[in-house]
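[1] Sequence plus the predicted model coming up.
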Amino acid sequence: MIESVSSPVPRVAAILLAGGTGKRAGFEQPKQLEWLGGKPVLCWSLEAFDAHPAVSGGVLVGNGDVKAAVAPLPDGWISADPGAERQDSVANALAALADWEDDAIVLVHDAARPGVGPVVIDRLLAALSHADAAIPTLPVPDTLVEQADSAAGDVMGRERLARVQTPQAFRLGALRRAHAAAAGASATDDAQLVRQSGTAVATVAGDARLHKLTYAEDMAILSGLLGTGAMMRTAVGMGYDVHRLVEGKPLWIGGIEIAHSHGLEGHSDADVGLHALTDAILGALGDGDIGDHFPPTDPQWRGAASHRFLSFAGDRIAANGGRIAHLDLTIIAEAPKIGPHRVAIRERIAEILAIPVGRVSVKATTTERLGFTGRREGISAQAVATIQLPEN
Ligand code: MG
């Protein structure tokens, strides 16, 4: 095998264009500052470039509000002021990169496309191993027609057309030459300028998640594409538990100790209510049962306080990106009376799981002296957990 002599890996910078002041589509502020999934739209792109191992820095082009929204910038990033037109903003960013070598790569990206990810960046960088410019494109799924005066004209051949996205990747030298040659002219993207300067522009497969925020309804589309919480599914789990009553043991139910002549027997503190709740949550998660995670054969759980089991189940929800919508617990006991303790049990469960008390219901019933609970031989509990989890 012959080893080839490889050239040094070029540095890669991002140019993030966030200088627009447009408020069309009914936004209260420039669209790159609109809130999407817990952060401003432009932060999605900034974080994606910062996280990519090949990208060593970048230039954020924006006004004072934009700079304040992302301060402090990640390591390797600087900012530049926007110009009157997009092309002027890119020129300002190029000036800020004056000490970068011509062989470096720049990824010019529109901050109104928050769905940039590593796959498209990798495709663009791979294309630049054999081209000086590359852009992501998608096919046109709809039939296109010419239109004039509300009348449909001839069909345009969509197989020869493509939708152009950003980021667009360039050798820095090629982009510099294109901007120098185009001074005074204007273009809606940098690939047009580069092509006009005689440099071939390669295409790579784009990504539906690079959908551009233009109109108010695009926020809902982007929420779905980026999985920002709008796409949750509801999962319901049930739990059931029984423990035997024995004389002279402390009685724990629903995370509180209740004064009584008898207590529940079990390996842990035998809190029948918290066990049923824990199993209900694990059931909603499809994550086994309490015995799988806390085997009764394991001596470390002897006498354990059951709030640890419930906390664990709550942590499993959080680890899955989910949240508790509601918990409903029913305690079935002839004695003692649970009713006087219902409020305290609700509050304790809400405290253990760090959720509002309004999301916890506690009920109690007897079995009219029938069966093992009616004979006071044991206490049982049933629980239903309703949780919300991200799709996929
Ligand atoms: Mg149990």
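    Everything's here; your move.
[2] Please count neighbours and contacts with C-alpha atoms only from this point.
    Fine.
[3] Sketch out the helices for the stretch 51-200 of the chain, chain order is fine.
    Assigned by DSSP state H, counting those that start in this stretch, the helices in the stretch 51-200 of the chain fall at 64-70, 86-96, 118-127, 172-181, 190-196.
[4] can you tell me how far the residue nearest to the spatial centre of the chain sits from residue 314?
    For the chain, residue 228 is the residue whose C-alpha lies nearest the centre (C-alpha atoms, centre = their mean; 4.9 Å). As judged by C-alpha to C-alpha, to the nearest Å, residue 228 and residue 314 stand 21 Å apart.
[5] what's the answer for residue 261, then?
    With the distance defined as C-alpha to C-alpha, residue 261 ends up 32 Å from residue 314.
[6] which one of these two has more residues nearby?
    Using other C-alpha atoms under 10 Å, the more surrounded residue of residue 261 and residue 314 is residue 314, with 21 against 14.
[7] Spit out the contact partners of that one.
    281, 353 (C-alpha atoms under 8 Å, 6 or more residues apart in numbering).
[8] Secondary structure element holding it?
    In the assignment (DSSP states H and E), residue 314 maps to helix 307-319.
[9] Output that helix as CSV, nothing but the C-alphas.
    Output of helix 307-319 as CSV, limited to C-alpha atoms (Å, rounded to 0.1, in the frame of the first residue of the first chain):
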residue,chain,number,x,y,z
HIS,A,307,-38.7,7.5,48.3
ARG,A,308,-35.4,6.5,46.7
PHE,A,309,-37.2,4.1,44.3
LEU,A,310,-39.7,6.8,43.3
SER,A,311,-36.9,9.4,42.8
PHE,A,312,-35.1,6.9,40.6
ALA,A,313,-38.2,6.5,38.5
GLY,A,314,-38.6,10.3,38.2
ASP,A,315,-34.9,10.6,37.1
ARG,A,316,-35.6,8.0,34.4
ILE,A,317,-38.3,10.2,33.0
ALA,A,318,-36.0,13.2,33.0
ALA,A,319,-33.2,11.1,31.3
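[10] For it, what is the distance to the chain centroid?
    Between the centre of helix 307-319 and the centre of its host chain there is 21 Å, according to C-alpha atoms, centre = their mean, to the nearest Å.
[11] For it, list every residue counted as buried.
    Buried residues in helix 307-319, counted by 16 or more other C-alpha atoms under 10 Å: 307, 309, 310, 311, 312, 313, 314, 316, 317.
[12] Please identify the helix or strand for residue 373.
    Using DSSP H and E, residue 373 falls within helix 371-374.
[13] Residue 220 too?
    In this assignment (DSSP H and E), residue 220 forms part of helix 218-226.
[14] Could you name the helices and strands sitting against that helix?
    Taking 3 or more C-alpha pairs under 8 Å, 6 or more residues apart in numbering; DSSP states H and E as contact, there are no helices or strands that helix 218-226 lies on.
[15] mind listing what the helix or strand following it pairs with, with the direction of each?
    With elements assigned by DSSP H and E, the helix or strand that comes after helix 218-226 is strand 232-247. Its sheet considered, strand 232-247 pairs with strand 262-265 (antiparallel), strand 378-390 (antiparallel) by DSSP bridges.
[16] gap between the first one and the chain center?
    Spelled out, it's strand 262-265. Its chain's average C-alpha position is 45 Å from that of strand 262-265, according to C-alpha atoms, centre = their mean.
[17] What residues of it count as buried?
    For strand 262-265, the neighbour count (16+ other C-alpha under 10 Å) marks 262, 263, 264, 265 as buried.
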